[in-house]
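Participant: predicted model, plus sequence, below.
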Amino acid sequence: MSLLLRDVLVLDVATGEYAEGDLRCADGRVVEAGPGLRAPSDTRVIDGAGAYVVPGLIDAHVHVTASTADLGSLGAMSPSYVAAHSARIMGEMLGRGFTTVRDASGADYGLADAQAEGLIRGPRLLFCGKGLSQTGGHADFRGRGEHLRDDHPCCAGVGRVADGVDAVRVAARDELRKGAHHIKVMASGGVASPTDRIDSTQYSMEELRVAVEEAAAANRYVAAHAYTARAVNRALEAGVRSIEHGNLIDDGSVELFLRHDAFLVPTLVTYWALKEEGRAFGLSERSWRKVDEVLEAGLVALERAARGGVRLAYGTDLLGGMHRHQNHEFRLRGEVQRPIDVLRAATAGAAELVGMAGDIGTLAVGAHADLLVLDGDPLEDIGVLADPKHIRHVVQAGAVVPG
């Protein structure tokens with residue numbers, strides 16, 4: 001299959017500059033760029049009429065199985081029911097311009113294989129399986145009066161509890177056995193978990209390090225859920241590659257990010273959405289009250305990280321009916337960053353984080369032909385990316401995605 005985009009402005013996200021001309025894709029890859037290109041007779045030709053073309057977007061923190069904000073309920077749902085919801089959620093993500101997503105716990109090899117084989121419509125799915133949590137941690141959804149635990153090995157819960165170095169090692173190896181692209185650990189308390197505090201640290205340094213050790217042995221990496229500077233800094237010292245959220249980092253955190261060449265994945269839009277709509281989509285009153293602790297700090301943390309030169313990736317972490325706000329993260333980040341820097345986080349930056357630099361997040365010859373055709377310039381107005389109505393075409397693997 002071949003596709004030719006004529007008379008378009010093609011963005012080089014590395015330089016922040018557009019090249020005027022044509023772009024040709026074949027066999028799922030970008031094969032040629034420049035003025036006046038010619039193509040085989042069976043090529044689909046789209047006259048861009050000066051439209052702007054950017055790489056397909058990458059969301060580095062999603063939960064495609066999260067059809068509700070009540071994450072603790074997912075494990076008891078039928079896997080087929082969760083898969084049906086996930087197919088819908090993934091299809092809508094692709095329609096919003098996200099051609100690759102990194103799932104931050106919940107998705108598994110079944111969903112990834114189904115997408116890769118064309119059984120469901122959606123972005124390329126990079127999954128971690130279930131996140132690792134200590135007892136009473138961010139993926140332990142038991143209330144204070146519950147004692148029995150079921151990690152639902154057959155089902156779609158977002159986490160599994162593993163205590164102690166040996167148990168963490170086994171859990172990490174098990175997720176890697178099932179094809180995990182990365183390992184997720186819960187290194188602090190969180191909003192959705194019922195019995196922990198946001199300002200807590202979770203997992204000992206030995207437990208964190210063994211997760212990193214096992215991921216590295218498999219040529220994979222660890223992503224850590226963490227909010228406070230204390231939790232973030234411990235995770236970075238243990239060798240974690242990406243910090244998820246990081247709303248309460250300090251200047252010492254910035255130094256550690258740079259020293260360890262690690263990434264920060266802020267998820268500002270989820271706190272905005274949880275505050276506005278969380279209770280309507282299953283978030284408990286107790287969890288809803290936690291949102292204020294991290295909501296205002298998130299933008300400050302992003303500004304601090306960006307100013308300090310921390311590598312950033314785009315993430316949203318939306319749940320339930322709030323997934324529809326996925327593109328609003330562009331607008332929130334645009335309050336403290338230049339449009340090109342926000343777009344880089346959602347393309348080249350995220351690609352580098354997931355180990356796919358040069359393959360995705362770029363329109364260079366040889367890259368996967370994942371791209372968006374836009375009716376406006378996102379470098380002049382970040383709102384072009386914040387509102388999917390500006391997307392004329394989503395192209396995935398060189399094929400135009402049906403509207």
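Facilitator: Sure, I can see it.
Participant: show me the shaky parts of this protein.
Facilitator: For the chain, the stretches with pLDDT under 70 are 141-143, 146-155.
Participant: for it, which segments count as helices?
Facilitator: Along the chain, the segments classed as helices by DSSP state H run 79-95, 109-116, 165-177, 205-217, 229-238, 251-260, 268-277, 285-290, 292-308, 328-333, 339-345, 348-353, 383-386.
Participant: mind putting the ones you listed in TSV, mean neighbour count and distance to residue 398 included?
Facilitator: Glycine gets a C-beta too; all of them are placed from N, C-alpha and C. Shown next, in TSV, are the helices of the chain (neighbours: other CB atoms under 10 Å; distance: least, CB to CB, whole Å):
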stretch	mean neighbour count	distance to residue 398
helix 79-95	18	14
helix 109-116	17	15
helix 165-177	19	31
helix 205-217	19	32
helix 229-238	24	38
helix 251-260	17	36
helix 268-277	22	30
helix 285-290	14	42
helix 292-308	18	33
helix 328-333	23	25
helix 339-345	23	21
helix 348-353	24	18
helix 383-386	22	22
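Participant: looking at these, which is nearest to residue 57?
Facilitator: Closest approach to residue 57 among those (CB to CB): helix 383-386, 7.6 Å.
Participant: so what secondary structure elements neighbour that closest one?
Facilitator: Applying 3 or more CB pairs under 8 Å, 6 or more residues apart in numbering; DSSP states H and E, we find helix 383-386 packed against helix 328-333.
Participant: so which elements touch the helix it packs on?
Facilitator: For helix 328-333, the packing partners by 3+ CB pairs under 8 Å, 6+ apart are helix 268-277, helix 339-345, helix 383-386.
Participant: can you do 10 Å?
Facilitator: Judged by 3 or more CB pairs under 10 Å, 6 or more residues apart in numbering; DSSP states H and E, the packing partners of helix 328-333 are strand 57-62, helix 268-277, helix 292-308, helix 339-345, helix 383-386.
Participant: what's the closest of these to residue 364?
Facilitator: helix 339-345 (14.3 Å).
Participant: and the closest one, how far out from the chain middle?
Facilitator: Chain-centre distance of helix 339-345: 15 Å, with CA atoms, centre = their mean, to the nearest Å.
Participant: so what's the spatially most central residue of the chain closest to, chain neighbours aside?
Facilitator: By CA atoms, centre = their mean, the chain has its centre lying nearest to residue 60, at 1.9 Å. Leaving aside its chain neighbours, residue 60 sits nearest to residue 313 (4.1 Å; criterion: CB to CB, 6 or more residues apart in numbering).
Participant: I'd say the one you found and residue 350 touch.
Facilitator: Yes - counting by CB atoms under 10 Å, residue 313 touches residue 350, with 4.1 Å between them.
Participant: any common contacting residues for the two?
Facilitator: Counting by CB atoms under 10 Å, 6 or more residues apart in numbering, the residues touching both residue 313 and residue 350 are 58, 59, 60, 61, 102, 242, 263, 265, 344, 361.
Participant: returning to that earlier point: nearest to residue 211, out of the helices and strands packed on helix 328-333?
Facilitator: Residue 211 lies closest to strand 57-62 among these, at 17.9 Å (CB to CB).
Participant: show me where the stretch 101-250 of the chain has strands.
Facilitator: Assigned by DSSP state E, counting those that start in this stretch, the stretch 101-250 of the chain shows strands spanning 124-126, 131-133, 159-161, 183-186, 222-228, 242-248.
Participant: helices or strands next to the third one in the packing?
Facilitator: So the one you mean is strand 159-161. Using 3+ CB pairs under 10 Å, 6+ apart: strand 159-161 touches strand 131-133, helix 165-177, strand 183-186.
Participant: can you redo those as JSON lines with distance to residue 385?
Facilitator: JSON lines is the format used below for the helices and strands packed on strand 159-161 (distance: least, CB to CB, whole Å):
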{"stretch": "strand 131-133", "distance to residue 385": "28"}
{"stretch": "helix 165-177", "distance to residue 385": "33"}
{"stretch": "strand 183-186", "distance to residue 385": "27"}
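Participant: which residues are in contact with the residue lying closest to residue 318 once chain neighbours are set aside?
Facilitator: Leaving aside its chain neighbours, residue 318 sits nearest to residue 270 (5.4 Å; criterion: CB to CB, 6+ apart). By CB under 10 Å, 6+ apart, the residues touching residue 270 are 61, 63, 69, 191, 245, 278, 291, 294-295, 298, 315-319, 322, 325-326, 329.
Participant: tell me how this structure divides into domains.
Facilitator: Using automatic domain parsing, the domain parsing of the chain gives 2-56+360-400, 57-326.
Participant: give me whichever of these is most buried.
Facilitator: Greatest average neighbour count among those goes to domain 57-326 (a mean of 21), per mean count of other CB atoms under 10 Å.
Participant: distance between the ends of it?
Facilitator: End-to-end distance of domain 57-326 (CA to CA, to the nearest Å): 11 Å.
Participant: quick one: residue 256 and residue 234, what's the gap?
Facilitator: In this view, residue 256 and residue 234 are 10 Å apart by CB to CB, to the nearest Å.
Participant: contact partners for residue 307?
Facilitator: Contact partners of residue 307, counting by CB under 10 Å, 6+ apart, are 254, 336, 337.
Participant: would you turn those residues into a markdown table with distance to residue 118?
Facilitator: Shown next, in a markdown table, are those (distance: CB to CB, whole Å):
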| residue | distance to residue 118 |
| --- | --- |
| 254 | 43 |
| 336 | 39 |
| 337 | 36 |
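Participant: now flag whichever of those residues is closest to residue 3.
Facilitator: Nearest to residue 3 among these: residue 337, at 31.8 Å, using CB to CB.
Participant: the helices and strands packed on helix 328-333: which one's closest to residue 195?
Facilitator: Short answer: helix 292-308, nearest of the helices and strands packed on helix 328-333 by CB to CB, at 15.8 Å.
Participant: do you know how far the closest residue to residue 272 other than its chain neighbours is from residue 378?
Facilitator: Leaving aside its chain neighbours, residue 272 sits nearest to residue 332 (6.7 Å; criterion: CB to CB, 6+ apart). To residue 378, residue 332 is 15 Å away according to CB to CB.
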